[in-house]
Every structure is written in C-alpha cells, then in structure tokens.
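*Asks:* pasting the sequence and the predicted coordinates here, then a few questions.
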Amino acid sequence: MILADGQAVLLESLWHEETRPTPQQIADLEGKRVEVVGVLQRQPPKRPELGAQNFMMPCLSPLHSIRVLPAPRPE
C-alpha cells in the first residue's frame, strides 16, 4: 500500500501468505482510497526458518480490516 506521502507499507508479512490480502482483494482495491486498520510494525514479522533475513519497511500486522472510502467531494 502507498500512503498519501509516498511511503510504502506492507499489508501483512510477505512471509505469511495465509494472512495477506488475496490477489483478487488487491485487484478490487487497486487505485481506490482505503482505510486500513491494523497494528503498525517497524518491519514485517520474521519468518523463523530464514533467521535474521527480513525487509526493513513498515508493515501492518495483524491486519484487522480494509474498507473503501467514499470519493472526496469536489471543492
């Protein structure tokens, strides 16, 4: 997910496919403004079998909900 300021944030860990949004969910939300509720982590939870390897980027995990926001009103 890309925030309004350009910062990228993972929605769940790349290592835990079972908790990530599905490709269909991502396609349905792509390009839309969304509200995401979760716990912001400095980096994704580690995959134990990989030891210390991990991406150093923010991650929302656990992810509680995602909803599409209404389009902003024209000014």
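*Replies:* That came through fine.
*Asks:* just give me the residue right at the centre of this structure.
*Replies:* Centroid-nearest residue in the chain, with CA atoms, centre = their mean: Leu11, separated by 1.8 Å.
*Asks:* now it: how far from Val36?
*Replies:* The gap separating Leu11 from Val36 is 7 Å, by CB to CB, to the nearest Å. (C-beta placed from N, C-alpha, C; glycine too.)
*Asks:* between those two, what contacts are shared?
*Replies:* 1, 60, 63, 66 (CB atoms under 8 Å, 6 or more residues apart in numbering).
*Asks:* redo these as TSV? Include distance to Thr22 and secondary structure.
*Replies:* Formatted as TSV, the shared contacts of Leu11 and Val36 follow (distance: CB to CB, whole Å; DSSP: H, G, I helix; E, B strand; the rest coil):
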residue	distance to Thr22	secondary structure
Met1	15	coil
Leu60	16	strand
Leu63	12	strand
Ile66	11	strand
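*Asks:* make a ChimeraX selection of whichever of those turn out to be buried.
*Replies:* Command for ChimeraX, covering only those of the shared contacts of Leu11 and Val36 found buried under the criterion 16 or more other CB atoms under 10 Å:
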select :60,63,66
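*Asks:* which one of the shared contacts of Leu11 and Val36 sits closest to Leu40?
*Replies:* Leu40 has its nearest neighbour among the shared contacts of Leu11 and Val36 in Leu60, at 5.9 Å by CB to CB.
*Asks:* gap between the nearest residue to Gly38 once chain neighbours are set aside and Asp28?
*Replies:* Nearest residue to Gly38, sequence neighbours excluded (CB to CB, 6 or more residues apart in numbering): Leu60, at 3.4 Å. Plainly put, Leu60 is 18 Å away from Asp28 if you go by CB to CB.
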